[in-house]
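Okay, structure incoming, though there's no sequence with it:
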């Protein structure tokens, strides 16, 4: 008797927050959310990172380079 591949769960590739769904720290899966809500949550997470790096004393340009975002995004986050 062979393996019925139709009954196997999908591969657990994780997401940008965790390498595996089985060890994910999030209470609600970001992939289950409405895309607009997911975008808002990701933006808030980015803004929180920017504010933390700002509090550590990093210059705006260094924060932008480290996170791979524009300088405008850093300025916007610092004022939100």
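Good, I have the coordinates. Note that the structure is predicted; figures quoted are calculated from it, not measured.

and the helix or strand of the chain with the lowest mean pLDDT, what other elements does it pack with?
Of all helical and strand segments in the chain, the minimum by mean pLDDT, DSSP states H and E falls on helix 35-55, at a mean of 89. Using 3 or more Cβ pairs under 8 Å, 6 or more residues apart in numbering; DSSP states H and E as the contact criterion, the neighbours of helix 35-55 among helices and strands are helix 60-67, helix 71-78. For every residue, glycine as well, the C-beta is placed using N, CA and C.

any idea how far it is from the chain center?
Mean-position distance between helix 35-55 and its chain equals 8 Å (Cα atoms, centre = their mean, to the nearest Å).

Same check on stretch 24-43?
Using Cα atoms, centre = their mean, the distance between the centre of stretch 24-43 and that of its chain works out at 8 Å.

what's next to that stretch, contact-wise?
Contact partners of stretch 24-43, identified using Cβ atoms under 8 Å, 6 or more residues apart in numbering, comprise 14-15, 17-18, 21.
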